[in-house]
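Trainee: sequence-free structure coming up:
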């Protein structure tokens with residue numbers, strides 16, 4: 001890939017590098033595009049699950065049959081929080097870049113600064129615009145109206161709950177609102193010490209992610225479609241007050257993070273009997289910590305807030321983008337489209353790693369509706385997921401998200417603990433953000 005001087009200066013500034021980082025040599029991946037034939041793609045990703053899927057997809061006739069290219073994929077493992085930095089420094093130094101890059105959702109805002117996404121990645125809008133509302137969760141990877149990466153998994157949030165404990169305690173599994181469920185949860189906590197939800201008291205990322213999951217469900221957000229801050233809102237105050245009330249009564253247990261040893265212990269000893277988390281938490285949170293509780297857990301849609309919002313939310317995700325102006329760029333776009341925007345590719349993704357389809361109409365097809373989940377007591381799980389995606393909230397990001405997380409984490413934590421009221425906490429976090437936010 002060849003970058004002009006203006007692009008180099010922007011990328012250098014965004015990466016915090018000096019001009020000594022620049023090199024005059026062109027990347028060995030640059031050159032005339034390959035229009036057909038053998039395409040040996042390279043990929044950077046933090047997750048071995050994606051490595052397995054893409055290497056297998058490269059030879060799957062259901063996915064790549066009929067392509068003008070014959071594919072292979074070589075994968076390099078790069079930590080999620082290092083991948084963007086490495087891409088920028090490689091581009092600035094005119095060194096080889098991957099043809100495909102897996103961009104963790106929380107790291108993508110770094111690509112929104114200084115035209116980095118525009119300079120490094122292919123605009124995939126020609127692939128996505130024809131799908132319209134059928135294609136979900138493009139907003140987090142959109143810059144100036146252009147989509148630069150395709151989401152791997154909708155990360156649909158549901159409420160996981162211990163069906164046996166709910167039955168023993170007399171908790172209905174169809175409580176309609178958070179307010180009702182928190183009243184029940186407060187009584188359960190007082191009687192048994194068990195909790196029907198959790199919030200994080202760990203690092204800023206975990207704290208803000210937990211808050212954001214509730215906020216998106218309520219109909220709010222951290223940023224709007226133009227990347228402008230929208231934190232100070234009635235929805236934000238309501239959400240933070242509900243979280244604080246849950247912690248105060250014991251309905252919610254405060255844990256360092258959703259995946260650590262303390263959470264594992266709370267699941268194992270039955271102190272945590274329900275939690276709202278995305279679909280991937282079943283594998284990485286429940287099955288990883290309490291495999292012996294297989295068959296005891298179920299999933300339902302999230303109770304609504306009585307004042308509005310949906311039965312659905314989302315948290316986390318990883319999207320793949322194609323590095324532009326390389327020999328194999330056209331081949332990589334074709335491969336990504338076949339893997340991510342076709343029914344065959346989306347079904348293969350689910351069976352490879354339980355990644356939920358991003359094409360909304362697939363949730364109603366027999367291929368997905370007939371799936372039962374043994375860990376969830378052979379529940380027909382896509383009945384729940386299907387209802388959730390019908391109300392999946394919009395999710396917008398802004399370039400200042402890394403600064404916002406660090407600014408909001410502390411005040412949100414203090415509000416959860418009852419040390420400061422919700423409105424004051426949000427105001428404190430936003431004022432801190434405004435002093436540090438990139439201009």
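Mentor: Thanks, I have it. If you're wondering where the values come from, they're calculated on a predicted model, not measured in any experiment.
Trainee: distance-wise, check the nearest residue to residue 37 once chain neighbours are set aside relative to residue 139.
Mentor: Of all residues not flanking residue 37 in the chain, residue 69 sits nearest, at 6.5 Å (Cβ to Cβ, 6 or more residues apart in numbering). (Each C-beta comes from the backbone N, C-alpha and C, glycine too.) Per Cβ to Cβ, to the nearest Å, residue 69 is found 30 Å from residue 139.
Trainee: which of those two has more neighbours?
Mentor: Taking other Cβ atoms under 10 Å, residue 69 and residue 139 do not tie; residue 69 has more neighbours (20 against 16).
Trainee: and stretch 325-335, which residues are buried?
Mentor: 325-335 (16 or more other Cβ atoms under 10 Å).
Trainee: just name the shakiest helix or strand of the chain by mean pLDDT.
Mentor: helix 5-15 (a mean of 50; mean pLDDT, DSSP states H and E).
Trainee: next helix or strand past it?
Mentor: Remark: after helix 5-15, the chain's next helix or strand is strand 37-45, criterion DSSP states H and E.
Trainee: what packs against that following strand?
Mentor: Using 3 or more Cβ pairs under 8 Å, 6 or more residues apart in numbering; DSSP states H and E, the elements in contact with strand 37-45 are helix 48-57, strand 69-77, helix 80-92, strand 100-104, helix 329-340.
Trainee: mind running it again at 7 Å?
Mentor: The contact analysis (3 or more Cβ pairs under 7 Å, 6 or more residues apart in numbering; DSSP states H and E) places strand 37-45 against strand 69-77, strand 100-104, helix 329-340.
Trainee: can I get the buried residues of stretch 325-335 in a markdown table with distance to residue 381 and pLDDT?
Mentor: What follows is those, written out as a markdown table (distance: Cβ to Cβ, whole Å; pLDDT from 0 to 100):
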| residue | distance to residue 381 | pLDDT |
| --- | --- | --- |
| 325 | 42 | 95 |
| 326 | 39 | 96 |
| 327 | 42 | 97 |
| 328 | 37 | 98 |
| 329 | 37 | 98 |
| 330 | 37 | 98 |
| 331 | 35 | 98 |
| 332 | 32 | 98 |
| 333 | 32 | 98 |
| 334 | 32 | 98 |
| 335 | 29 | 98 |
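Trainee: nearest to residue 164, of these?
Mentor: Checking the buried residues of stretch 325-335 against residue 164 with Cβ to Cβ, the nearest one is residue 335 at 45.0 Å.
Trainee: right, and the closest one touches residue 42 too?
Mentor: No: the criterion here is Cβ atoms under 7 Å, and residue 335 misses it with residue 42 at 11.8 Å.
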